[in-house]
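Engineer: Below is the sequence, then the predicted model.
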Number of protein chains: 2
Amino acid sequence: MTGSTASLRRRRRKAQRVTLNEVAELAGVSPSTVSLYIRKPDAVSEDRAHRVSEAIAKLGYVPNLMAGGLAAASSRIVSVIVPSIRNAFFAETVSTIQAALGSEGFQVLLGHTEYSEAQEEALVRAALSWAPAAIVLTGLSHSHGTRALLAASDVPVVEMWELGGPTIDMAVGFSHEEAGAAAARHLIARGRKNIAYVGARLHEDHRAARRADGFLRELAPESGQAGRIIRHPGPATADAGALLLNRALQQFPGLQGLACSNDLVALGVLFECQRRGIRIPEDLAVIGFGDLGFSASCNPPLTTIRPSGDVIGLEVARLVLASVKGKPEAPEPVIDTSFLLVERRST
Amino acid sequence: MTGSTASLRRRRRKAQRVTLNEVAELAGVSPSTVSLYIRKPDAVSEDRAHRVSEAIAKLGYVPNLMAGGLAAASSRIVSVIVPSIRNAFFAETVSTIQAALGSEGFQVLLGHTEYSEAQEEALVRAALSWAPAAIVLTGLSHSHGTRALLAASDVPVVEMWELGGPTIDMAVGFSHEEAGAAAARHLIARGRKNIAYVGARLHEDHRAARRADGFLRELAPESGQAGRIIRHPGPATADAGALLLNRALQQFPGLQGLACSNDLVALGVLFECQRRGIRIPEDLAVIGFGDLGFSASCNPPLTTIRPSGDVIGLEVARLVLASVKGKPEAPEPVIDTSFLLVERRST
DNA sequence: CGACAATATCGTAGCGCTACGAAACCGGCT
DNA sequence: AGCCGGTTTCGTAGCGCTACGATATTGTCG
């Protein structure tokens, strides 16, 4: 065991992984040909392609993408930055993006900001270090530093999950203000006079806050009431929903309709109503946001707004692919995926 | 606009990002010093550190990690491969891993296998192309090719979320068989005679299947009954829970206790019971798995097994960091995070 | 005040691959 | 046969950085 340190040390610099040159040698072709075969197999004659692929298999060659990326001054990494991957919306979108890009040979470098712009800037800086093929950001609010970094880099940028503001480059999403307004209109159309919006983490979650804005906007002409919003600083959980319901009931006697910033919050409201014997929708109409997995099967099934996180992911992937494949300025770099108000029995 | 193509083309190779050499020149030091400053700021004298950091700020220098990784033959990327990021368990773990590693300057390259070993192998191959600092895999079942790839690479490997089988390198998790057995024992201890296990996606989700095995193992001596498992091929959703409950009721008349492969499934069971007027726990005791966000607030609160996905993530990060920081063979490369049976009112 | 150790700085040879232009090859046609 | 356009193959100069050993600087002590 005496020589082990020395041999370890040597291994670091020498005798490491199989290289493209070794493949070329074994296949009896030039390194260029191997490289070409890997990048565009069709550009190589059948005979050589066969020899090369055999050599790769025999040697167990794994290309070094860092070397490739360095030489090509670009990588097949796509950096996706979301507030939190624990949030089912973003989990779905990230999952879809990664599936769509993965099949095209791109890899997803994940970051989450925990709703902090400073954190986002750090993540963007780190992402840029990999010369990514594209950067995908959540929302339209970014720090000055983030914008500067991005502007200096000419990496394609896609902002997702929000529309209705100036865009860095490309954007896919919908207007949250409209979604909030739609919720309010729906409750009003159902004949509810005394309605409110409850939301979690509104101080950090800009999108939920904008839904609240839209809700309020629709409300004002109706009844002149303002400030019919109740906030919970913590994350959007069922517990928060129960809490928020109780505070809403207390603050707004005779409450007839409630819009929730998130289906998980709405679920908590449902549970608490069951406990308190409040009938839904007879006593209280409840509308959520998200159309999560359980929303159609709870009691009663939840009326909610479906944002189509998977469609957003698909469109993001499409834009990324298009901007990599050449076409510099896509004709429509802003895609409105809209949302759907799904009417179920809770309203 | 005539010359735009040419200028674009030129930009690719020239006039690109600021390099370390330019920083060195501006700061009046050698490139080595700048590099050293970036990697170990303390190893540089205060005077030069100041000059370098100023030059970096003035130039807006962003290091090229591909060049760095190539030269160092390693990167600060950690590849994390999970079955699905939509699954709340893995979302939580990935989130924790990324938070813990992010603060140490590592980045997470995400992959999801959709429960396919072939897909996993492709992801491992892709990950290896980046000479990652470590690879984190889910579970202990991997294809032969995956094992070969990993063996040939001497990258540290952590397998998570499962224990009780041969390990590639390091592992963090718990025994799912034990968890399933604990669920059975709990139902039996509650005096339930006629119990069953319902699970979604058992043919792909090895861990849920092993929980079912453990459940059965505990059951057999009790009553001699076998095959008290009902499977649903689709993913674990509340809908699947409702479905499974109905099939269980039909197949096992007089059913008194039900263990679910997932809290989401259990939630579906709860909902369906509400609809059918089945009282929980009087008529039917229900135990879940996961202790998800809603499990404590539903009606009745759900008895469940908490796997501590965040602790798993933390321990994974710790192992990764330790294996990077030197200490070659950690004294205990297998960490049992165990699980907790949380008794609530559903049993 | 000189010798020596400890610390700080520097010079440079690659890391493995791709882009690019040149060279070789291959029929088909005059 | 000779020429030509298109296709396939090849040679090689870096991409930007780090490791490593060499050199310069500083501090300590007899």
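Structural biologist: Nice, I can see it.

Engineer: any idea how far DNA strand D is from the closest residue to A:Arg17 other than its chain neighbours?
Structural biologist: Distances taken as CB to CB, 6 or more residues apart in numbering or on different chains put A:Val62 closest to A:Arg17, at 6.5 Å, once the chain neighbours are dropped. Placement of C-beta: from N, CA and C, glycine included. Distance, A:Val62 to DNA strand D, using CB to the nearest atom of the strand, to the nearest Å: 18 Å.

Engineer: Give me the nearest residue to the residue most central in space within chain A, chain neighbours excluded.
Structural biologist: Nearest residue to the geometric centre of chain A (CA atoms, centre = their mean): A:Phe90, 4.1 Å. In space, and not counting its chain neighbours, A:Phe90 is closest to A:Val82: 4.1 Å by CB to CB, 6+ apart.

Engineer: Distance of the one you found relative to A:Thr138?
Structural biologist: Separation of A:Val82 from A:Thr138 (CB to CB, to the nearest Å): 5 Å.

Engineer: Pull the contacting residues for the residue nearest to A:Arg76 when sequence neighbours are not counted.
Structural biologist: In space, and not counting its chain neighbours, A:Arg76 is closest to A:Phe106: 4.9 Å by CB to CB, 6+ apart. The contact partners of A:Phe106, by CB atoms under 8 Å, 6 or more residues apart in numbering or on different chains, come to A:76-78, A:133, A:320.

Engineer: what's the answer for A:Leu202, then?
Structural biologist: Per CB under 8 Å, 6+ apart, neighbours of A:Leu202: A:208-209, A:212, A:229, A:231, A:261.

Engineer: go with 7 Å
Structural biologist: By CB atoms under 7 Å, 6 or more residues apart in numbering or on different chains, the residues touching A:Leu202 are A:208-209, A:212, A:231, A:261.

Engineer: So what does it look like in phi/psi?
Structural biologist: Main-chain torsions, A:Leu202, degrees, to the nearest 10: phi -60, psi -20.

Engineer: And it, how far from DNA strand D?
Structural biologist: Using CB to the nearest atom of the strand, A:Leu202 is found at 41 Å from DNA strand D.

Engineer: do you know how far the residue lying closest to A:Ser30 once chain neighbours are set aside is from chain B?
Structural biologist: Counting by CB to CB, 6+ apart, A:Ala24 is the residue found nearest to A:Ser30 once chain neighbours are left out, at 5.9 Å. Look at A:Ala24 and chain B: by CB to the nearest CB, to the nearest Å, they are 18 Å apart.

Engineer: And A:Ser84, by the same measure?
Structural biologist: 7 Å.

Engineer: In a strand, that residue, correct?
Structural biologist: No - using DSSP: H, G, I helix; E, B strand; the rest coil, the assignment for A:Ser84 is coil, not a strand.

Engineer: what's the distance between the spatially closest residue to it that is not a sequence neighbour and DNA strand D?
Structural biologist: Leaving aside its sequence neighbours, A:Ser84 sits nearest to A:His112 (CB to CB, 6+ apart; 5.2 Å). A:His112 is 25 Å from DNA strand D, where distance means CB to the nearest atom of the strand.

Engineer: With A:Glu121 instead?
Structural biologist: 19 Å.

Engineer: quick revisit: what's the overlap in contacts for A:Val82 and A:Thr138?
Structural biologist: In contact with both A:Val82 and A:Thr138: A:Phe90, using CB under 7 Å, 6+ apart.

Engineer: circling back to that earlier point, quick one: pLDDT of the residue nearest to the centre of chain A?
Structural biologist: With respect to pLDDT, A:Phe90 scores 96.

Engineer: got a list of what it touches?
Structural biologist: A:82-84, A:138 are the contacts of A:Phe90 under CB under 7 Å, 6+ apart.

Engineer: One more pass at 8 Å, please.
Structural biologist: Contacts of A:Phe90 (CB under 8 Å, 6+ apart): A:82-84, A:138, A:161, A:309.

Engineer: Also near DNA strand C: which of the contacts of A:Leu202, exactly?
Structural biologist: Here nothing survives when the contacts of A:Leu202 are matched to DNA strand C using CB under 7 Å from any atom of the strand.

Engineer: and these as TSV, adding neighbour count, secondary structure and pLDDT?
Structural biologist: Shown next, in TSV, are the contacts of A:Leu202 (neighbours: other CB atoms under 10 Å in any protein chain shown; DSSP: H, G, I helix; E, B strand; the rest coil; pLDDT from 0 to 100):
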residue	neighbour count	secondary structure	pLDDT
A:Ala208	25	helix	96
A:Ala209	20	helix	96
A:Ala212	25	helix	96
A:Arg231	17	strand	96
A:Ser261	32	coil	97
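
Engineer: Going by distance to chain B, which of the contacts of A:Phe90 wins?
Structural biologist: Closest approach between the contacts of A:Phe90 and chain B, by CB to the nearest CB: A:Ser84, at 6.7 Å.

Engineer: contacting residues for that closest one?
Structural biologist: A:90, A:112-115, B:95.

Engineer: so of these, which ones are in strands?
Structural biologist: A:His112 (DSSP state E).

Engineer: For DNA strand C, see how far away the residue nearest to A:Ser84 is.
Structural biologist: The value you get for A:His112 to DNA strand C, if CB to the nearest atom of the strand is used, is 31 Å.

Engineer: What residues are bridge-paired with that residue?
Structural biologist: Partner residues in beta bridges with A:His112, using DSSP bridges, are A:Val82.

Engineer: my read: it touches A:Val80, true?
Structural biologist: No - with contact defined as CB atoms under 8 Å, A:His112 and A:Val80 do not form a contacting pair (9.4 Å).

Engineer: re the thing from before, can you tell me what sits against the helix or strand containing the residue nearest to A:Ser30?
Structural biologist: Taking DSSP states H and E as the criterion, A:Ala24 maps to helix A:20-27. Helix A:20-27 has contacts (CB under 8 Å, 6+ apart) with A:30-31, A:33-35, A:38, A:48, A:51-52, A:54-56, A:58-59, A:61, A:63.

Engineer: let's see 10 Å
Structural biologist: A:18-19, A:29-35, A:37-38, A:48-59, A:61, A:63-64, A:67-68 (CB atoms under 10 Å, 6 or more residues apart in numbering or on different chains).

Engineer: Just the buried ones among the residues you listed, please.
Structural biologist: Buried subset of the contacts of helix A:20-27 (neighbour count, 16 or more other CB atoms under 10 Å in any protein chain shown): A:18-19, A:29, A:33-35, A:37-38, A:48-49, A:51-53, A:55-56, A:59, A:61, A:63-64, A:67-68.

Engineer: returning to what we had before: got the buried residues for the helix holding A:Ala24?
Structural biologist: For helix A:20-27, the neighbour count (16+ other CB under 10 Å) marks A:20, A:23-24, A:26-27 as buried.
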